[in-house]
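Engineer: Just to be clear, the model below is a prediction. Sequence and coordinates:
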Amino acid sequence: MIKNWKWMLLSWLICLPAFASNLAVSTPSFLVKQFGYYADNQFIESDNVPYVIGQDYGWRMQVTPNIQSIWIEEKFTLPKAPATWGDDVPSNNFRISADRKTATVRLNLFPQDGWIYHDWTIAKGDPTGQHQINVFYNGKLIAAFPFEIQANPKGEDQ
């Protein structure tokens, strides 16, 4: 009897990656945080991000089946290299391309009510212009988010 139980468990574990590969994505959207609403996390859908130091922006999408955690890879490409990529410390989960225009981040996300998300913040020295965030699951592109960080009309940081 124990022998059969172990065989069933082994069979289930072997099939587990097949279940995980059937991930479905719906309602992907790109969001920009509205200033003045920090406590409430008020985001609006837009593909235009104002260049304001501290401005948050990012993406979200619904995934099914609703799982406890998911590893994704995000490739974030800028029109030119920024002044810095934060602490610039490459690791297994964070890589910067040789031309310093693309960061690849591996994230373990924990869906909340089936939703996953990731956001970034504008820092001094970030370039304006067209940007692209591509999100991959198991090596497959599951969402692409082209957007523009718009120059401040006054030509200065706010």
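Structural biologist: Received it, and whenever you're ready, just let me know what you need. The shown structure was predicted, so the numbers you read here are calculated from the model rather than taken from an experiment. Numbering: from 1, shown residues only.
Engineer: Can you give me the separation between the closest residue in space to G139 that isn't next to it in sequence and L107?
Structural biologist: Excluding its sequence neighbours, the residue lying closest to G139 (Cβ to Cβ, 6 or more residues apart in numbering) is E73, at 8.0 Å. C-beta here means a position set from N, CA and C on the backbone, and glycine is covered the same way. Separation of E73 from L107 (Cβ to Cβ, to the nearest Å) stands at 8 Å.
Engineer: nearest spatial neighbour of the residue most central in space within the chain, skipping sequence neighbours?
Structural biologist: By Cα atoms, centre = their mean, the chain has its centre lying nearest to H118, at 4.1 Å. Spatial nearest neighbour of H118, excluding adjacent residues (Cβ to Cβ, 6+ apart): G58 at 5.4 Å.
Engineer: For this structure, name the helix or strand with the lowest mean pLDDT.
Structural biologist: The weakest-scoring helix or strand in the chain, judged by mean pLDDT, DSSP states H and E, is helix 2-21 (a mean of 41).
Engineer: Going C-terminal from it, what's the next secondary structure element?
Structural biologist: Beyond helix 2-21 in the direction of the C-terminus, DSSP states H and E gives the next helix or strand as strand 24-33.
Engineer: what's that following strand packed up against?
Structural biologist: strand 43-45, strand 48-50, strand 56-64, strand 115-121, strand 129-137, strand 140-150 (3 or more Cβ pairs under 8 Å, 6 or more residues apart in numbering; DSSP states H and E).
Engineer: Have a look at E73 and L107 and say which one is more surrounded.
Structural biologist: Set E73 next to L107 and count neighbours by other Cβ atoms under 10 Å: E73 wins out with 18 against 14.
Engineer: Where does that one fall, secondary structure wise?
Structural biologist: strand 70-77.
Engineer: Check which helices and strands the next helix or strand after that strand sits against.
Structural biologist: Downstream of strand 70-77, the first helix or strand assigned by DSSP H and E is strand 94-96. Contact here means 3+ Cβ pairs under 8 Å, 6+ apart; on that basis strand 94-96 packs against strand 102-109.
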